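S.K.: what's the 3D shape of this:
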Amino acid sequence: MNTANRLTILRVLLIPVFMIFVLIDVPNYRYIAAFIFFIAALTDSLDGYIARSRNQITVFGKFMDPLADKLLISAALISLVELGEISSWAAMIIIAREFAITGFRILAAADGIVIAASWWGKIKTITQIVAIISILLNNFPFSLIGFPFSRITLGLAVVFTIISGIDYIYINRKIFIENDNK
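M.R.: Model prediction:
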């Protein structure tokens with residue numbers, strides 16, 4: 001078990017801790033939840049960097065890293081829907097895209113094809129993380145000036161989620177066509 005894989009496992013283990021803090025009503029619980037979410041999201045970049053720089057890319061990491069990301073984002077979105085902080089349609093668009101692209105990656109992997117994330121996917125991930133943290137912080141510090149930063153970033157996250165999904169499928173459409181002809 002290498003360092004990158006340990007960070008991926010840590011991200012998965014932080015999910016229930018995050019959910020406890022986001023859903024209980026104790027002093028500063030939203031700030032604690034936002035901090036835990038930030039640390040978990042940070043491990044995503046860190047584990048990928050470590051795996052590539054130390055040549056520690058493993059089959060486990062290729063499978064668990066994207067799954068851990070989707071679990072973290074989905075847990076946050078579902079929790080925020082439960083709290084009435086975001087609309088279920090926004091969460092559903094994001095979660096549905098994640099499931100669709102994961103299924104697509106599984107099809108590609110069955111043919112021995114590994115599909116790297118695009119820039120659209122990276123922008124999507126960043127806007128999702130920023131939106132979730134901003135919502136958890138009750139739009140602070142932007143709430144002080146009445147600027148709806150968290151709503152804007154959530155809207156951008158939904159838009160980039162859709163764009164990245166379309167881009168992902170379009171760029172890799174040959175995989176769909178080839179699997180459809182089998």
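S.K.: when you work out contacts or count neighbours from here on, use the C-alpha atoms and nothing else.
M.R.: Fine.
S.K.: need the helix or strand of this structure with the lowest average pLDDT.
M.R.: helix 173-180 (a mean of 72; mean pLDDT, DSSP states H and E).
S.K.: list the buried residues for the helix or strand containing Ile93?
M.R.: Using DSSP states H and E, Ile93 maps to helix 88-110. Burial within helix 88-110, assessed by neighbour count using 16 or more other Cα atoms under 10 Å, is assigned to 90-92, 94-98, 101, 104-108.
S.K.: repeat that for stretch 141-153.
M.R.: Neighbour counts using 16+ other Cα under 10 Å place 149-151, 153 of stretch 141-153 among the buried residues.
S.K.: same thing with stretch 164-175?
M.R.: Neighbour counts over stretch 164-175 (16+ other Cα under 10 Å) mark 164-165, 167-168, 175 as buried.
S.K.: just the CA coordinates of it, formatted as CSV?
M.R.: Only the C-alpha atoms of stretch 164-175 are listed here, as CSV (Å, rounded to 0.1, in the frame of the first residue of the first chain):
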residue,chain,number,x,y,z
SER,A,164,-17.6,18.3,-19.3
GLY,A,165,-20.0,15.4,-19.7
ILE,A,166,-20.8,16.3,-23.3
ASP,A,167,-17.1,16.9,-24.0
TYR,A,168,-16.1,13.6,-22.5
ILE,A,169,-18.6,11.6,-24.5
TYR,A,170,-17.9,13.5,-27.7
ILE,A,171,-14.1,13.1,-27.5
ASN,A,172,-14.4,9.4,-26.7
ARG,A,173,-17.4,8.6,-28.9
LYS,A,174,-15.4,6.0,-30.9
ILE,A,175,-15.5,3.9,-27.7
